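Visitor: quick one: sequence plus predicted model below, questions after.
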Amino acid sequence: MIGASPAFRRAVHLIDKIARYEVPVLIEGETGTGKELAARALHYGGPRRGHPFVPVNCGAIPDTLIENELFGHDRGAFTDARSHRRGLVSCAQ
């Protein structure tokens, strides 16, 4: 991440500070503001750096599929569930 404004420097300082701890973080912002870059900085600067980083654009997933995408399903959970499928949350752990 590159920037020099006071707001940017505060954001980078906050990311560095939060990255030291293993806590859930909600990142919000308009399209194109660097949310995924901030998430990557948190991930790779913290204790989970050795684990996979799994970005998810929740806005691109239909609400009828979001639960299945995030948490997966077992065989037979619904009509077309022919096999077990891990969710993205499980893949990120």
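Guide: Noted; the coordinates are in hand. Numbers count the residues shown, from 1 in each chain.

Visitor: show me the helices in the protein, by range?
Guide: Taking DSSP state H to define them, one finds helices in the chain at 6-19, 35-44, 66-71, 88-92.

Visitor: flag every buried residue along the shortest one.
Guide: Judged by neighbour count using 16 or more other Cβ atoms under 10 Å, the buried positions of helix 88-92 are Leu88. In short, each C-beta sits where N, CA and C put it, glycine included.

Visitor: could you find the closest non-adjacent residue to the most centrally placed residue in the chain?
Guide: Centroid check for the chain by Cα atoms, centre = their mean gives Pro55 as the closest residue, at 4.6 Å. Nearest residue to Pro55, sequence neighbours excluded (Cβ to Cβ, 6 or more residues apart in numbering): Glu36, at 5.5 Å.

Visitor: tally of neighbours for that neighbour?
Guide: Other residues near Glu36 come to 13 when the count uses other Cβ atoms under 10 Å.

Visitor: so it touches Val56, yeah?
Guide: No: judged on Cβ atoms under 8 Å, Glu36 makes no contact with Val56 at a distance of 9.8 Å.

Visitor: look at the residue nearest to the centre of the chain and report its pLDDT.
Guide: With respect to pLDDT, Pro55 has a value of 88.

Visitor: would you mind measuring from it to Asp80?
Guide: 26 Å (Cβ to Cβ, to the nearest Å).
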